[in-house]
Structure formats: structure tokens, C-alpha cells
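Novice: Turn this into a structure:
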Amino acid sequence: MADEKLRRLLQTDLYDGAPWTDIDVDDLRAEVGRGRSLEEVAEFLCRSGSARDVRHKAAELGLNVVE
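Specialist: Residues are numbered from 1 along each chain as shown. From the prediction side, this is the model:
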């Protein structure tokens, strides 16, 4: 329980660590398609504190994200 509380305290954005919805995936695809950087995409998705998760999801979807 303490680890979960600490994780939540360390999150820096609204959806850091949240499950991916279909809308999140659609937005991820659209932003990568626009040539946005990983940081820009993570910020747009309100996941700026979990950019690693954004990178992982993009890779899982076969998307090439600009670093």
C-alpha cells in the first residue's frame, strides 16, 4: 500500500500510469503522425511523468516516435 501511495505522489501528470483507452491510442497515433517528439506527445496525453510508458506503447503499436 505504501508503494502505491508513493507512486501516486511521484506522478507528475493526470494520466501517468493510467490504463490506455482507445481514445488515448488514437491520440498517440495522431500526434506521432504529426511528427511530434516523445516529450510533446507525452505532454499532450497528460502523461509527461511517464514518457517511458508512452515510448513503450508507441513501440507496441509499431510507431516511430521522434526522441
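Novice: When you work out contacts or count neighbours from here on, use the C-alpha atoms and nothing else.
Specialist: Will do.
Novice: which strands and helices sit next to the longest helix along the chain?
Specialist: When the chain is parsed with DSSP state H, its longest helix is helix 22-33. When contacts are defined as 3 or more C-alpha pairs under 8 Å, 6 or more residues apart in numbering; DSSP states H and E, helix 22-33 packs onto helix 38-44.
Novice: what does the helix it packs on rub up against?
Specialist: Applying C-alpha atoms under 8 Å, 6 or more residues apart in numbering, the contact partners of helix 38-44 are 28, 31-32, 48-51, 54-55, 65-67.
Novice: could I get those residues as a markdown table with pLDDT and neighbour count?
Specialist: Listed next are those as a markdown table, based on pLDDT from 0 to 100; neighbours: other C-alpha atoms under 10 Å:
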| residue | pLDDT | neighbour count |
| --- | --- | --- |
| 28 | 97 | 24 |
| 31 | 96 | 19 |
| 32 | 96 | 18 |
| 48 | 89 | 22 |
| 49 | 85 | 19 |
| 50 | 85 | 19 |
| 51 | 89 | 20 |
| 54 | 94 | 25 |
| 55 | 95 | 20 |
| 65 | 84 | 20 |
| 66 | 83 | 13 |
| 67 | 79 | 9 |
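Novice: Report the distance from the longest helix of the chain to the chain centre.
Specialist: Computed by C-alpha atoms, centre = their mean, to the nearest Å, the chain-centroid distance of helix 22-33 equals 10 Å.
Novice: And for stretch 60-67?
Specialist: 12 Å.
Novice: Kindly report the same for stretch 25-40.
Specialist: 10 Å.
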